[in-house]
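Trainee: task: produce atomic coordinates for the following.
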Amino acid sequence: MTENQQPAVVLVHGLYMKPWAWRTYRRFLQDHGFRVYLFGYHTTARPFESSVMKLVALVNSRPEATVHLVAHSMGGLLSMRALPEIHKAGKLVMLGSPVKGSKVAKKLKQIGWHKGLLNHATEPLTVGLGDAVNQRETLMIAGTSPYGLGRFIEPRLGPSDGTVALHETQADWIDRHQTIHSNHFGLLRNQQALQHTLDFLRD
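Mentor: Predicted coordinates:
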């Protein structure tokens, strides 16, 4: 298989995270034949749209013909906003992305803590994606273990992964929605999440 024929994956982290958060996913996908690229960005300190364009440039500049996106939390919102400008074929996997907006972020904004804690992430996390237009086949993997700091900020979160409410990960334009027993950050190393991702990318 030539370099251009080998499928690639770009991993997009979420709020407060760095590319190192993907070490389990990176090793797993590399072991199963994917070329893996890590995308890093400033989640709160830089304007969200500048990170969107940075992601567009990275994906479009890859030599592979097929470039999948696998994104955690806010990284899913970033990826969806980038898709209209991405010219590569591929699929999108989102892990616990609040596509309908985050109750926790809205609560932080309500009590006035968003400027210090969220800054440039406030708009995407409170607004979500609205009536998004699906640009590629999409899988959402959502956690159902409700243990996380989000419950302390917003006690009325309901069924959730402890940070993102289950209903916040659901939308008509998502092709497949899979729930697993994991909290929000556990999705990054959960074996079921890894397997669901691999099966979807290979399908």
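Trainee: partner strands of whichever helix or strand Leu139 is part of, with direction?
Mentor: Secondary structure from DSSP states H and E places Leu139 in strand 138-143. Here strand 138-143 has these sheet partners by DSSP bridges: strand 92-95 (parallel), strand 176-180 (parallel).
Trainee: which parts of the host helix or strand of Arg23 are buried?
Mentor: Element membership for Arg23, per DSSP H and E: helix 23-31. Residues of helix 23-31 classed as buried: 25-26, 28-29 (neighbour count, 16 or more other C-beta atoms under 10 Å). Every residue, glycine included, has its C-beta placed from N, CA and C.
Trainee: of all pairs in these, which one is the farthest apart?
Mentor: Arg26 and Phe28 (7.3 Å; C-beta to C-beta).
Trainee: just the CA trace of the helix or strand of the chain with the lowest mean pLDDT, in CSV.
Mentor: Ranked by mean pLDDT, DSSP states H and E, the helix or strand of the chain with the weakest confidence is helix 114-117, at a mean of 83. C-alpha atoms of helix 114-117 as CSV (Å, rounded to 0.1, in the frame of the first residue of the first chain):
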residue,chain,number,x,y,z
HIS,A,114,-17.0,31.8,31.7
LYS,A,115,-14.6,34.6,31.0
GLY,A,116,-11.9,33.0,33.3
LEU,A,117,-12.7,29.4,32.6
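Trainee: who does it touch, helix- and strand-wise?
Mentor: helix 103-110, helix 122-127 (3 or more C-beta pairs under 8 Å, 6 or more residues apart in numbering; DSSP states H and E).
Trainee: closest to Asp175 out of those helices?
Mentor: helix 122-127 (21.7 Å).
Trainee: who touches the closest one?
Mentor: 15, 48, 74, 77-78, 81, 98, 101-102, 105-106, 109, 114-115, 118 (C-beta atoms under 8 Å, 6 or more residues apart in numbering).
Trainee: equivalent analysis for stretch 187-194, please.
Mentor: 21-22, 24-25, 28, 72, 95-96, 141, 143, 161, 180-182.
Trainee: all helices for this structure, in order.
Mentor: Along the chain, counting by DSSP state H, helices occupy 23-31, 48-60, 74-82, 103-110, 114-117, 122-127, 150-153, 191-202.
Trainee: show me how far the last one is from its chain's centre.
Mentor: Mean-position distance between helix 191-202 and its chain equals 15 Å (C-alpha atoms, centre = their mean, to the nearest Å).
Trainee: now do it against strand 176-180, angle only.
Mentor: Here helix 191-202 runs at an angle of 160 degrees relative to strand 176-180 (axes from the mean of the first three to the mean of the last three C-alpha atoms, to 10 degrees).
Trainee: now do helix 191-202, average pLDDT.
Mentor: Per-residue pLDDT over helix 191-202 has a mean of 98.
Trainee: coming back round to it: farthest-apart pair in the contacts of helix 122-127, please.
Mentor: Going by C-beta to C-beta, the pair spanning those furthest: Arg81 and Lys115, at 22.0 Å.
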